[in-house]
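Trainee: Quick one, what's the 3D model for this:
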Amino acid sequence: MTLGPFELPAAADFHVHLRDGPMSAAVVPTIRRGGVNTAYVMPNLVPPVTTVAQALAYRARLEAIDPSVNYLMTLYLHESTTPETVREAARAGVSGVKSYPAGVTTNSSSGVVSYEPFYPVFAAMEECGLVLNLHGELPSDAGRGVTILNAESRFLPTLKGLHARFPRLRIVLEHCSTRDAVEAVQACGDTVVGTLTCHHLFLTVDDWAGEVFSFCKPVAKTPEDRTALLQALVGSKGKFFLGTDSAPHDISAKKGAGKTAAGVFTQPYACQLVLTALEEAIARGEVREEQVTQELLQGFFGGFGRAFYGVEDRSGERIRLSKADEAVCGNIKGEGVEVVPFRSGQQTWTVEWI
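Mentor: The predicted structure is shown next:
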């Protein structure tokens, strides 16, 4: 196999969790290690980022840690969100609004129960150009037969309904994890796209069952679903692009008593892991080597997402991705925090800034 090396513009990650306080101090410096200079930051802090003032203050805290990254800020869709909130956000340069179904993942207890009350908000977003980012799952409900394995597929009629009602609203179905999600995004118009994570390109249900550092929401599904994601990547043409959903948790939250926190930490290897996953997919015969082109990677790692969001990268920064004798690092430690990276100790590609 002779993939690479590839020289590309700096990457943009359109779904990152950077937390706050000591955890931010530990993980924000790893963004550029993954070849990324633009980060679309999730708002599910405690309390959630629901106002423009909170978003701008959060960005200032992140910039104080590493000012060389372009942080694109979002608001948390909340019962307090109004059309005027949207208009204020647009004036302030906030990029989007993130919707979490109530209780499905980390810090989502203030999330959405029903979308209909937010129709005026979505209409304002359509007018102002803000993007709606959807965590596309239903809450588990035994009475309705909803579990973590079918929660995404059961959500897709909601996606299609929102798109039909607000056809000019730009919508991102975050972290697609099923063939059904890929097909739903492809069936919608140009205003609907999907993001793909690094870890979903590797994992299936057998990988995370009993392995806490591979457990995330949405959970990884079947080998057929993983193949669909990989094929969506190489056939993207702008419909799918990188959103790692890198989600750091202290090791005590992953291995301590009680429920395991949902989240996989991939930030230091955002681009490298994608190339590793593609290499493994080629070896399995799921994608073809000739599909992994310079043009494709330039689009998936930043071009497609920047075009969708209307974000320019004026930095001129570039990276080189190559196959070298590098392994994913060990635990990342900060003041009172310790995070285990995904695939720690396993071989991966290398990023150099050029």
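
Trainee: who's in contact with L169?
Mentor: 122, 125-126, 132, 162-163, 191 (Cβ atoms under 8 Å, 6 or more residues apart in numbering). Backbone N, C-alpha and C define where each C-beta goes, glycine included.

Trainee: And what about it, helix, strand or coil?
Mentor: Assigned state for L169: coil (three-state reduction, DSSP: H, G, I helix; E, B strand; the rest coil).

Trainee: Now it: closest residue in space, sequence neighbours ignored.
Mentor: Nearest residue to L169, sequence neighbours excluded (Cβ to Cβ, 6 or more residues apart in numbering): E126, at 4.3 Å.

Trainee: Doesn't the one you found lie inside a strand?
Mentor: No - counting by three-state DSSP, one finds E126 to be helix, located in no strand.

Trainee: mind checking pLDDT for it?
Mentor: Reported pLDDT at E126 in the predicted model: 97.

Trainee: Now do the helices in the stretch 1-150 of the chain.
Mentor: Using DSSP state H, counting those that start in this stretch, the helices of the stretch 1-150 of the chain run over residues 21-27, 52-65, 83-92, 119-128.

Trainee: Go through the second one and flag the buried ones.
Mentor: Read it as helix 52-65. Within helix 52-65, the residues that qualify as buried are 52, 54-55, 58-59, 62, counting by 16 or more other Cβ atoms under 10 Å.

Trainee: can you tell me the average pLDDT over that helix?
Mentor: Here the average pLDDT along helix 52-65 is 98.

Trainee: how far is it from where the chain is centred?
Mentor: Relative to the centre of its chain, helix 52-65 is centred 20 Å away, using Cα atoms, centre = their mean, to the nearest Å.

Trainee: same for it, what does it pack against?
Mentor: helix 21-27, strand 36-41, strand 70-72, strand 74-76, helix 83-92 (3 or more Cβ pairs under 8 Å, 6 or more residues apart in numbering; DSSP states H and E).

Trainee: Give me the residue ranges of the stretch 251-354 of the chain where confidence is low.
Mentor: Across the stretch 251-354 of the chain, the ranges flagged by pLDDT under 70 are 257.

Trainee: picking up where we left off before, dump the helices and strands packed on helix 52-65 into JSON lines; add mean neighbour count and distance to V185 as well.
Mentor: Compiled in JSON lines, the helices and strands packed on helix 52-65 are given as follows (neighbours: other Cβ atoms under 10 Å; distance: least, Cβ to Cβ, whole Å):
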{"stretch": "helix 21-27", "mean neighbour count": "18", "distance to V185": "29"}
{"stretch": "strand 36-41", "mean neighbour count": "26", "distance to V185": "17"}
{"stretch": "strand 70-72", "mean neighbour count": "21", "distance to V185": "21"}
{"stretch": "strand 74-76", "mean neighbour count": "25", "distance to V185": "20"}
{"stretch": "helix 83-92", "mean neighbour count": "17", "distance to V185": "24"}
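
Trainee: Of these, which is nearest L233?
Mentor: Closest to L233 of the helices and strands packed on helix 52-65, according to Cβ to Cβ: strand 36-41, at 16.9 Å.

Trainee: quick check: angle from that closest one to helix 52-65?
Mentor: Per axes from the mean of the first three to the mean of the last three Cα atoms, to 10 degrees, the angle that strand 36-41 makes with helix 52-65 is 150 degrees.

Trainee: mind checking the longest strand of the chain?
Mentor: If you go by DSSP state E, the chain has its longest strand at strand 318-327.

Trainee: low-scoring pLDDT stretches of the stretch 51-200 of the chain, where are they?
Mentor: Low-confidence segments of the stretch 51-200 of the chain (pLDDT under 70): 103-111, 113.
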